[in-house]
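> need coordinates for the below:
(chains A and B)
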There are 2 protein chains.
Amino acid sequence: MEADLVIIGAGSGGYEAAIYAYRRGMKTVLVELSPETVGGNCLNKGCIPSKYMRYGAYLIDRFGVMERYGIIPRGFDIDYGKLAKGRDEVVVTIRENFKKFAKQINLPIIYGRGVVKDPNTVFVEGPEERIRTRFILIATGSRPVALGDLVPDGRYVLNTDQVWEIEDLPGRVLIVGGGAVGVEFAYIFRRYGAEVVLVELKRRILPSDDIPEDSARYLTRKLRSLGVDVRTKTTVEFWERTERGVRAKLSDGTETEADFILLAVGREPNTSGIGLEEIGVEKDRRGFIRVNEFCQTAVQNIYACGDVTSPLMLAHKAMYEGKIAVNHMLGGRDWRRDDRIVPKIIYSALEVASVGLTEDQAEEEGYEVKVGVSSFVTNPKAMDDGENEGFVRIVADEDSGEILGCHIVGPHAGELIHQVVHMMRRRMDVEFASKTLYSHPSLSEAVGQSASEIHYGPITWVKR
Amino acid sequence: MEADLVIIGAGSGGYEAAIYAYRRGMKTVLVELSPETVGGNCLNKGCIPSKYMRYGAYLIDRFGVMERYGIIPRGFDIDYGKLAKGRDEVVVTIRENFKKFAKQINLPIIYGRGVVKDPNTVFVEGPEERIRTRFILIATGSRPVALGDLVPDGRYVLNTDQVWEIEDLPGRVLIVGGGAVGVEFAYIFRRYGAEVVLVELKRRILPSDDIPEDSARYLTRKLRSLGVDVRTKTTVEFWERTERGVRAKLSDGTETEADFILLAVGREPNTSGIGLEEIGVEKDRRGFIRVNEFCQTAVQNIYACGDVTSPLMLAHKAMYEGKIAVNHMLGGRDWRRDDRIVPKIIYSALEVASVGLTEDQAEEEGYEVKVGVSSFVTNPKAMDDGENEGFVRIVADEDSGEILGCHIVGPHAGELIHQVVHMMRRRMDVEFASKTLYSHPSLSEAVGQSASEIHYGPITWVKR
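Down below sits the predicted model:
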């Protein structure tokens, strides 16, 4: 078999790169472990099923405001089986759509383990297919890690590959790890009726430098108001099985029981055993493949994208890098990796979105920083919709007014942030953002208002 | 009393202009009819209360998808009084916030009818206050029109000033006019349980040239699927009172009964009797004040904004024009009216958003047009949220790729459209829009995909 490009891994990055390569006229072959893993972690065991369950939790939330809209609900029952079924249907539909589409555009998917034999050869174990190719794109993704003696067993300790298999709603869950996955599941399980304890080693949840303290604090308060037992600076010191599940001793001296422990402590790249070392593809000590700004590895015609290139493990980063790699293969030098404009979005009890620098990061980089904040509390559309919690926070360079970052907590933060992503790509300033014609009433007005707070100087809206 | 600027009308345009003038250091006085009308039509009898009720209708919609999320509702009751109360609370809260804020920044609001006596004098009838000023901004808004013998009486025929006063949900409503207000109320009343007949004179609902046929057709189908009896090319030929309400003979030969008729056939500007003619402010034959691109009238130091300047009666157009006027008073020549970038958003059974040119308009203007469409049907976030109806449609210039317009129907269209507003301000092209890093999964991805359909050429996604 011959190809212009072989992509190992048909997850978000590999698939998007394949479609893009098709559009650009490259003869491409996708290699993926099995028909059931097409779409990768995001589709099968990540963002897609979790966002589905999160939307259910959000719907349950909405019962809390209905009366104000003259809708008096008579209550509801929960059927976890239906939730899981609906969720799996969406996943399967997207996966099958992917495969049908690949067929339509004559994009072959070869099922098996792809191993790089030399810079122009990929061997697929299983079908024993040898593919000669001009370029290779490594898009093999990542897998969840274990933590000490918290070793996932699918029953007492579940990781994020396994949590989809539970058949009943737990009565009580202990979630270890307060990052994106932890806070999403804390919200989901809590809203569907479980008791939830969330422990995080660091001093705050969402302990990423890219997410400001304020966002984390706001979400912590909200989760606690819903009854999630959030414990920071806390670890599991010891755990054991019980008749009904697990018992854990926490570092704060308390004991807690749960049906199971959900382990959400991070992921590591799938970069071993696929022939990379042998042909000179360089990796760092954590196993990430070293790539340049065009996603090119140390071997000139081999590229990598997504979870294998850095700890910023986001589907859209993978998709973006995949396209940048393909563009570079075809001679394009205009499109480069730019982590500065990668939006990071968490869907928990509130949507938490960030792009670019936080105030702290900007100061560390030597900027004189100005910050503008606009609250959703007084935003008319947010008030109309009964979800006026949160804020838009813009970080700008004092001299030029350039927008360096934006951090949104609240309704549809995950969509609103894109306005700022577009602006940051072109290094636009707060004057631009404050002078756009925002629809009234809209949530988007809060973007303009926080920019105005910087451009025109702050005015105090009604005291809160 | 002396001022730099007197603004007649504290509606969206006047209020926004006042805050902006404050930010820019002008001594400003607002004149408004009464404490109850601060905020104008949008706040008190327009977008804010209607969006509130629309959100309630949307919540009722959501019951239809709950089971897929494992939430089995036991039904609900409707309490129209609570809906009206919640709605009015939001309106009053925003209005009082406005007033408190004005007080905080020492912005006087004088209550009474403002009349222009000479280019530097506004007289407020009632308090009999004479204000000397350098500049005047006319922001007096508009009022609903009657239609033949459909004269609003507050009982049998209601206009959009009166519909807020009803105390019970109607059993059956006849809505005359299929524009934004008509389709919003059709959805609201239908979802809260009423039978609704919607008649529109023209051959389609949303009969504005700025909204493409496709958007109107999609919404028509959706409204009909909910049971709204949409009748285009239809008028009311005759109507009479009955014991329970009204009986109307329609131009299609049928008769229909209803509790009342809601008249939603447009508005006319409030530009009479406030001294404009006398001092030389020019108006067109429909009563709109002639202004230049800086919102300046024929009298150099008198400006106008909002519903009084053109039939594009949108709160945000007023707010934008108000700021442009103030900027020009202070010597700014960099900020001009640009109807091209005014987003138009309708909140009905679906959100319908438009900015810029439709395909037809672009062709009429002589462009070689390319159109890219992306459906929400296959958008993963829309699927996750159980609201994957609608599309994003981008209209671009074939040669340059410049985005000329964007038309979105579907989830959160009213927020998503802002991404394109930002881009259109800087005349960006589809290559830019297709190369932004969109979060996955997000609705915003559909913006990038429709741009990609143009930039890279169309590919057929899975057959629908």
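> so what's A:Arg333 closest to, chain neighbours aside?
A:Phe294 (7.6 Å; CB to CB, 6 or more residues apart in numbering or on different chains). (C-beta placed from N, C-alpha, C; glycine too.)
> A:Val91 is in contact with A:Pro49, correct?
Yes. Counting by CB atoms under 8 Å, A:Pro49 touches A:Val91, with 5.6 Å between them.
> mean confidence for stretch A:6-19?
Across stretch A:6-19, pLDDT averages out at 97.
> what of stretch A:341-351?
98.
> next one: stretch A:419-432
For stretch A:419-432, the per-residue pLDDT averages 97.
> for it, measure first residue to last.
12 Å (CA to CA, to the nearest Å).
> just to revisit the earlier point, so what's the residue count around the residue nearest to A:Arg333?
By the criterion of other CB atoms under 10 Å in any protein chain shown, A:Phe294 has 17 neighbours.
> OK, contacts around it?
For A:Phe294, the contact set (CB atoms under 8 Å, 6 or more residues apart in numbering or on different chains) comprises A:Tyr303, A:Ile324, A:Ala325, A:Asn327, A:His328, A:Arg333, A:Trp335, A:Arg336, A:Arg337.
> how about chain A, which residue sits the furthest from its center?
A:Gly70 (36.3 Å; CA atoms, centre = their mean).
> surely that one and B:Phe76 touch.
No. With contact defined as CB under 8 Å, A:Gly70 does not count as touching B:Phe76 (9.8 Å).
> residues touching whatever residue of the stretch 151-300 of chain A ends up closest to chain B, list them.
Closest approach between the stretch 151-300 of chain A and chain B, counting by CB to the nearest CB: A:Tyr192, at 7.4 Å. A:Tyr192 sits next to A:Gly56, A:Ala57, A:Ile60, A:Ile78, A:Tyr80, A:Leu83, A:Leu169, B:Gly70 when contact means CB under 8 Å, 6+ apart.
> that one and A:Tyr55, how far apart?
12 Å (CB to CB, to the nearest Å).
> how many neighbours does A:Ile261 have?
26.
> I meant A:Ser225, not that one.
10.
> same check, this time on A:Arg337
There are 21 residues near A:Arg337, going by other CB under 10 Å.
> quick one on the thing from earlier: need phi/psi at the residue of the stretch 151-300 of chain A closest to chain B.
Backbone torsions of A:Tyr192, given as degrees, to the nearest 10, read phi -80, psi 0.
> that's a strand at A:Leu262, yeah?
Yes. According to DSSP: H, G, I helix; E, B strand; the rest coil, the state of A:Leu262 is that of a strand.
> quick check: closest non-adjacent residue to it.
In space, A:Leu262 is closest to A:Ile175, 4.7 Å off (CB to CB, 6+ apart).
> part of a strand, is that neighbour?
Yes. Assessed by three-state DSSP, A:Ile175 belongs to a strand.
> how about A:Ile345, phi and psi?
phi -130, psi 130.
> A:Glu351 is in contact with that one, correct?
Yes. A:Ile345 is within contact range of A:Glu351, at 6.7 Å (criterion: CB under 8 Å).
> what do these two both touch?
Going by CB under 8 Å, 6+ apart, residues that sit against A:Ile345 and also against A:Glu351 are A:Ala413, A:Gly414.
> just to revisit the earlier point, roughly how far apart are the residue farthest from the centre of chain A and chain B?
Here A:Gly70 is placed at a distance of 3 Å from chain B (CB to the nearest CB, to the nearest Å).
> contact partners for the residue nearest the centre of chain A?
Computing the C-alpha centroid of chain A and ranking residues by CA atoms, centre = their mean puts A:Leu314 first, at 4.7 Å. The contact partners of A:Leu314, by CB under 8 Å, 6+ apart, come to A:Val342, A:Lys344, B:Ser439, B:His440.
> cool, A:Gly287 as well?
Counted by CB under 8 Å, 6+ apart, A:Gly287 has contacts A:Glu268, A:Pro269, A:Thr271, A:Ser272.
> adjacent strands (with direction) for the strand ranked longest in chain A?
For chain A, the longest strand by residue count, based on DSSP state E, is strand A:129-138. Strand A:129-138 sits in its sheet next to strand A:2-8 (parallel), strand A:121-125 (antiparallel), strand A:302-304 (parallel), going by DSSP bridges.
> who touches the shortest one?
The one in question is strand A:302-304. A:116, A:119, A:135-139, A:279, A:281, A:289, A:291, A:294-297, A:321, A:325, A:328-329.
> what mean pLDDT does that strand have?
Computed over strand A:302-304, the average pLDDT equals 98.
> please enumerate the strands of the stretch 251-400 of chain A.
Assigned by DSSP state E, counting those that start in this stretch, the stretch 251-400 of chain A shows strands spanning A:255-258, A:260-263, A:267-269, A:302-304, A:344-347, A:351-356, A:369-375, A:391-397.
> now, of those, which is deepest in the fold?
strand A:302-304 (a mean of 29; mean count of other CB atoms under 10 Å in any protein chain shown).
> quick one: residues in contact with the longest helix belonging to chain A.
As assigned by DSSP state H, the longest helix anywhere in chain A is helix A:80-104. Residues outside helix A:80-104 that contact it (CB under 8 Å, 6+ apart): A:10, A:15, A:18-19, A:30, A:35-36, A:38-39, A:43-44, A:48-49, A:52-53, A:56, A:108-109, A:164, A:167-169, A:192, B:67-72, B:378, B:380, B:383-384, B:460-462.
> which of those residues fall within strands?
Reading strands off the contacts of helix A:80-104 with DSSP E, I get A:Leu30, A:Ile109, B:Ile71, B:Ile72.
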